[in-house]
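Enquirer: everything below, folded, please.
(chains A and B)
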Amino acid sequence: MRPDLDIVAAMIDPGSRVLDLGCGDGALLENLIAEHDCSGLGVEHDPDGFHSCIARGVPVTQGDLESELPAIDTGTFDVAILSLTLQAVRHPDRVLAEMKRVAPRQIVSLPNFGHLRLRSGLALNGRMPVTSALPYQWFNTPNIHLCTLRDFEQLTTDTGMRILRRVVLDGKGEAESGPAKLLPNLLAQGAVYTLGD
Amino acid sequence: MPSGIGLVETRRAVVFDGDRPLRLDSGAEIKRVDVAYETYGELNDDRSNAVFICHALSGDAHAAGLHEGDEPDRPGWWDNIIGPGRPLDTDRLFVICANVLGGCGGTTGPSSTDPDTGSPYGLRFPLIQVRDLVTVHRALLAELGIERLLAAVGGSLGGMQVMQWAIDHPGEIDGGLVIAASGRLSAQNIAFSAVAREAIMSDPDFNGGDWYNTGTRPDRGLGLARMIGHITYLSEQSMREKFGRRIQDAEVPRYGFDVDFQVESYLHYQGQSFVERFDANSYLYLGRVMDYFDPFQDAVRVQQQIEVGDTSFLVLSFDSDWRFSTAHSKEIAAELRLAGAPVTFREITSSHGHDSFLFPIPDYHETVSGFIDRLASERGIGSDAR
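Expert: Prediction:
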């Protein structure tokens, strides 16, 4: 499992009903179901990810999370997860509001577009940065809504969500322990947030 | 696609008889019930590899393989999904398909002889429900010594049987595959069903359902019902691609009220060939089975039952199906999830309308394969498990 998913898993209470939006190959849900007694549902657009979920025995809906979310009943889940997907959705604000509606806890991880290397790439080269965390060219990137950690935190405030916990990530998706904890918006590659009322 | 299984035969079992009549959910009784069924592959030693196929309205027990004397290109109705190396892989699975109660493919139905009168039941056959169809399937399984299914699979009315089975009998089905089905017919569905029923019952040869000894049959009515039904099984796109506005056997229209367009000729052919193999009363009874189906009505009970059972579901729909559209399947998935079941859902892209579930569409078969593989691996059934 990706290291950032380990961090997400650690934020979830055993026995929770978990909705994983953009669940990819289903590794996180498989782990939560098998190891943490959770029940869950994944939503995944990509057919390969969908098939991988089936092979892992993870219940999954194939489809676009933004069109699937409104059909989910209010409060159906305990936790809604959006890992490294917020930047790829059409309406991040609406997705957050929908997550809040279907589950009292939300976990969101995202890459930080305010990271020093990205800032300097744009400032010095005058070109849209391409990094290991954001490896696409501007014209073919699925990441259509890039933001900095500070931008995201502002949005959670605007959406009436409260940040309960934040873990900042390094380039490998592992928890940062160094200076990035002090200046996350400049030095962290990303972060995982637990949000709630 | 040539059949992968080769020669098969339909067998028959008497599952209710004498001092053990079939008691229907309505309380009515049927004294003797015969079931026509076929099996493919072999049951393993711990009887854990059984897969039950529930067929749709006009289906029968002959799901796969060839009967003696059949043309090689005319195998059973779901041959493309059943056989060695196919999604329901008979190298490792034991696949069973039985004609439903009320049908006319060898299982007791309105065309069977009523032991009380010595004549066919006709409309004296009691009204039946999906639940009763399941009761008879289970009696057959008991006969075969099978207590638990690796999977129950069905399209349309078949999918309805899978749902009802999983809800009513927790712990009997590992995986329920509900394909192009509905948990509750819409007003539009019921309206089509009403027109089909009216076509049959208003045929002068219908004779109140008692035509069996008159030397005539309500063929016009049944044929018309099938024509109406068939329109709802196809999509606008598939009809356009298949027929367009082409004229049958001619370049220019003949202008008149006889069959002129290819699509008309096709529908007539469908109607006429259907009456040769299907009983009008069975059509009425099974149509009504679908109209009244409403398994999620008592949500509390459904939840209790689903909790006891541990069935995981695969719900599939097809984007061009307007008879039981994706909205129907999404509702099924939502109801089952609400009751606490693990449900995987996918809408498959296909131009074949409701009939899509009968076609070997790669995305569709790959999804079914994957789901079955997972169930099999959880049961320790490998490709060499025999």
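
Enquirer: tell me where chain A has helices.
Expert: Under the criterion DSSP state H, chain A contains helices at A:3-10, A:27-36, A:47-56, A:65-68, A:92-102, A:116-120, A:149-158, A:184-187.

Enquirer: now render those as JSON lines, adding mean pLDDT and mean neighbour count.
Expert: Where you see a C-beta, it was placed from the backbone N, CA and C, and this is true even at glycine. Converted to JSON lines, the helices of chain A look like this (pLDDT from 0 to 100; neighbours: other CB atoms under 10 Å in any protein chain shown):
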{"stretch": "helix A:3-10", "mean pLDDT": "93", "mean neighbour count": "18"}
{"stretch": "helix A:27-36", "mean pLDDT": "96", "mean neighbour count": "19"}
{"stretch": "helix A:47-56", "mean pLDDT": "97", "mean neighbour count": "20"}
{"stretch": "helix A:65-68", "mean pLDDT": "95", "mean neighbour count": "18"}
{"stretch": "helix A:92-102", "mean pLDDT": "96", "mean neighbour count": "20"}
{"stretch": "helix A:116-120", "mean pLDDT": "92", "mean neighbour count": "15"}
{"stretch": "helix A:149-158", "mean pLDDT": "96", "mean neighbour count": "16"}
{"stretch": "helix A:184-187", "mean pLDDT": "94", "mean neighbour count": "20"}
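
Enquirer: nearest to B:S193, of the ones you listed?
Expert: helix A:65-68 (30.7 Å; CB to CB).

Enquirer: coming back round to it: in a markdown table: the helices of chain A, plus distance to chain B.
Expert: Output for the helices of chain A, formatted as a markdown table (distance: least, CB to the nearest CB, whole Å):
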| stretch | distance to chain B |
| --- | --- |
| helix A:3-10 | 19 |
| helix A:27-36 | 9 |
| helix A:47-56 | 4 |
| helix A:65-68 | 9 |
| helix A:92-102 | 12 |
| helix A:116-120 | 37 |
| helix A:149-158 | 28 |
| helix A:184-187 | 37 |
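
Enquirer: to B:S3, which of the ones you listed lies closest?
Expert: helix A:47-56 (27.2 Å).

Enquirer: quick one: that closest one to helix A:27-36, angle?
Expert: With axes from the mean of the first three to the mean of the last three CA atoms, to 10 degrees as the basis, helix A:47-56 and helix A:27-36 are set at 20 degrees to each other.

Enquirer: okay, which residue is most central for chain A?
Expert: Centroid-nearest residue in chain A, with CA atoms, centre = their mean: A:S83, separated by 2.0 Å.

Enquirer: residues contacting B:R184?
Expert: Residues in contact with B:R184 (CB atoms under 8 Å, 6 or more residues apart in numbering or on different chains) are B:F293, B:D294, B:F296, B:H328, B:E331.

Enquirer: picking that back up, the residue nearest to the centre of chain A and A:N185, how far apart?
Expert: For A:S83, the distance to A:N185 equals 20 Å [CB to CB, to the nearest Å].

Enquirer: now the contacts of B:R184: which count as buried?
Expert: Among the contacts of B:R184, the ones that count as buried by 16 or more other CB atoms under 10 Å in any protein chain shown are B:F293, B:F296, B:H328, B:E331.

Enquirer: and for stretch B:15-26, what's in contact with it?
Expert: Contact with stretch B:15-26 is made by B:29-35, B:101, B:126-129, B:131-132, B:135-136, B:139-140, B:142-143, as judged by CB under 8 Å, 6+ apart.

Enquirer: just the endpoints, please. Distance across that stretch?
Expert: With CA to CA, to the nearest Å as the measure, stretch B:15-26 spans 19 Å from end to end.

Enquirer: one more: stretch A:173-189?
Expert: Its start and end residues considered, stretch A:173-189 measures 8 Å (CA to CA).
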